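Undergrad: quick check, what structure comes out for this input:
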Amino acid sequence: MANQPFLSTLTSARLVIVPALVLAEVDYFLRENRPAMRKLVAEIFDPATRYEYELPLPSDVVRALEIDARFKKPNLGLVDGTVIAVAERRHVYRVLTTDRRDFGAIRVGPRLARALELLP
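TA: Numbers count the residues shown, from 1 in each chain. Take a look at the predicted model:
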């Protein structure tokens, strides 16, 4: 059964941006539940849904590495850094995550002054 706060957040959102590297990470976590992964991929790539698959730009990868170097304590890594870089580029600062500790420590924007809004 899906986590109700996450499901509620997803179904009420006008748009859900799915950074490509996140999909690879979700695939790893759903390795024991292939039907769920197939269903998720079908939903993400269905043009009738609110999902938007976002490939990282080279500048996103560079920015992800900059963020990872700047915020050493959370030890973000490339996937989380790319989520943050895409959020910055797209000016979308609401992030659906279970990793509140790491994402909560991050500040974004040109002066690294803006906190992310963590959902749910």
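Undergrad: any idea which element the residue nearest the centre of the chain lies in?
TA: With distances taken as C-alpha atoms, centre = their mean, the chain has Val83 as the residue nearest its mean C-alpha position (4.4 Å). Assigned by DSSP states H and E, Val83 falls within helix 77-90.
Undergrad: could you say what helices and strands the very next helix or strand once past that helix packs with?
TA: For helix 77-90, the following helix or strand on the C-terminal side (DSSP H and E) is strand 94-96. Under the contact criterion of 3 or more C-beta pairs under 8 Å, 6 or more residues apart in numbering; DSSP states H and E, the helices and strands touching strand 94-96 comprise helix 4-12, helix 77-90, strand 117-119. C-betas here are computed from N, CA, C, even on glycine.
Undergrad: just the mean pLDDT for the helix holding Val83, thanks.
TA: Mean pLDDT, helix 77-90: 94.
Undergrad: buried residues in it, which are they?
TA: By neighbour count, and taking 16 or more other C-beta atoms under 10 Å as the criterion, the buried residues in helix 77-90 are Val79, Asp80, Gly81, Thr82, Val83, Ile84, Ala85, Val86, Ala87, Glu88.
Undergrad: with stretch 13-27 instead?
TA: By neighbour count on 16+ other C-beta under 10 Å, the buried set for stretch 13-27 is Val16, Ile17, Val18, Pro19, Leu21, Val22, Leu23, Val26.
Undergrad: of the buried residues of helix 77-90, which is the nearest to Arg101?
TA: Closest approach to Arg101 among those (C-beta to C-beta): Asp80, at 11.4 Å.
Undergrad: show the contacting residues for Arg94.
TA: With contacts taken as C-beta atoms under 8 Å, 6 or more residues apart in numbering, Arg94 has the following neighbours: Leu116, Glu117, Leu118, Leu119.
Undergrad: next one: Leu119
TA: Leu119 sits in contact with Thr9, Arg94, Val95, Leu96, Thr97, where contact means C-beta under 8 Å, 6+ apart.
Undergrad: now the two most distant members of the buried residues of stretch 13-27.
TA: Within the buried residues of stretch 13-27, Val16 and Leu21 form the most distant pair, 15.4 Å apart (C-beta to C-beta).
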